[in-house]
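Asks: The amino acid sequence is not available; the structure is as follows:
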């Protein structure tokens with residue numbers, strides 16, 4: 001795919017993400033009726049998730065009918081050019097009236113992550129990144145923090161019941177033993193955006209799905225940060241662990257968390 005074709009998709013995704021943000025925000029403020037369904041343990045979906053995903057897919061497909069789509073609420077993965085979408089990352093927050101949620105859109109061509117967009121409608125912050133072109137927030141170029149010492153760092157941590165509680169608790173303990181501050185806000189995508197703009201210094205999760213993390217990986221990399229090799233193995237439909245960091249704490253955070261490209265942290269293996 002040519003750079004011009006990627007650029008056209010980038011602009012189309014930016015436009016549809018703005019409209020998706022308006023619709024999601026309207027549901028969040030309960031200006032439209034909303035239905036909530038439980039999918040599994042602490043995993044929910046809503047009318048807003050489904051409508052926003054449909055809006056994004058329909059909006060992009062109208063211009064690029066040959067592309068494929070994979071989202072949290074549906075789609076397939078058998079396309080060389082694939083959009084990976086989370087219509088509302090942080091649904092638990094969304095349904096409880098907490099503002100830490102966002103819209104996440106990524107585009108992958110033959111296994112190469114080409115662009116990522118994360119829109120935070122409640123904070124009016126729009127993050128965008130293209131491979132080799134840098135990352136921005138509301139048009140302003142981004143750079144990860146210059147943090148050098150893990151003892152001065154603040155790291156986001158994610159969890160889902162796809163993994164056992166004990167390994168997650170052990171990860172938190174190891175961060176605290178390293179005197180590293182941590183936060184769990186409930187949206188991995190938004191945490192990655194906050195690494196890109198220097199608010200957080202890293203992020204770790206023992207398992208995360210591709211639609212939750214791909215756009216954030218694009219942002220972090222283009223803002224000068226580092227991420228583990230999430231795009232390995234059955235990453236697209238099966239997910240993987242993720243570790244992301246500003247370069248100055250990369251080695252220390254990797255040692256503390258042990259998060260690798262796939263599988264359990266080394267300190268859990270027997």
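Replies: That came in fine, so what should we check first? What you are looking at is a predicted structure, and each value in this text was computed from that prediction instead of being measured.
Asks: distance of the residue nearest to residue 125 when sequence neighbours are not counted from residue 168?
Replies: Leaving aside its chain neighbours, residue 125 sits nearest to residue 137 (5.7 Å; criterion: C-beta to C-beta, 6 or more residues apart in numbering). Every C-beta, even on glycine, is put in place using the N, C-alpha and C of the backbone. Using C-beta to C-beta, to the nearest Å, residue 137 is found at 29 Å from residue 168.
Asks: Do a quick rundown of the helices in the stretch 151-270 of the chain.
Replies: Under the criterion DSSP state H, counting those that start in this stretch, the stretch 151-270 of the chain contains helices at 165-177, 188-196, 210-222, 235-238, 250-257.
Asks: Just the buried residues of the last one, please?
Replies: By 16 or more other C-beta atoms under 10 Å, the buried positions in helix 250-257 come out as 250, 252, 253, 254, 256, 257.
Asks: Let me see the domain layout of the protein.
Replies: With automatic domain parsing as the criterion, the domains of the chain are listed as 3-141, 150-268.
Asks: how about TSV for those domains, with mean pLDDT added?
Replies: Compiled in TSV, these are given as follows (pLDDT from 0 to 100):
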stretch	mean pLDDT
domain 3-141	90
domain 150-268	90
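Asks: Please identify the deepest-packed of those domains.
Replies: With neighbours taken as mean count of other C-beta atoms under 10 Å, the domains of the chain reach their highest mean count in domain 150-268, at a mean of 21.
Asks: Reformat the helices of the stretch 151-270 of the chain as JSON lines; add distance to residue 148.
Replies: Shown next, in JSON lines, are the helices of the stretch 151-270 of the chain (distance: least, C-beta to C-beta, whole Å):
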{"stretch": "helix 165-177", "distance to residue 148": "17"}
{"stretch": "helix 188-196", "distance to residue 148": "15"}
{"stretch": "helix 210-222", "distance to residue 148": "17"}
{"stretch": "helix 235-238", "distance to residue 148": "30"}
{"stretch": "helix 250-257", "distance to residue 148": "9"}
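Asks: Out of those helices, the one nearest residue 204 is which?
Replies: Ranking those by their distance to residue 204 (criterion: C-beta to C-beta) puts helix 250-257 first, at 4.7 Å.
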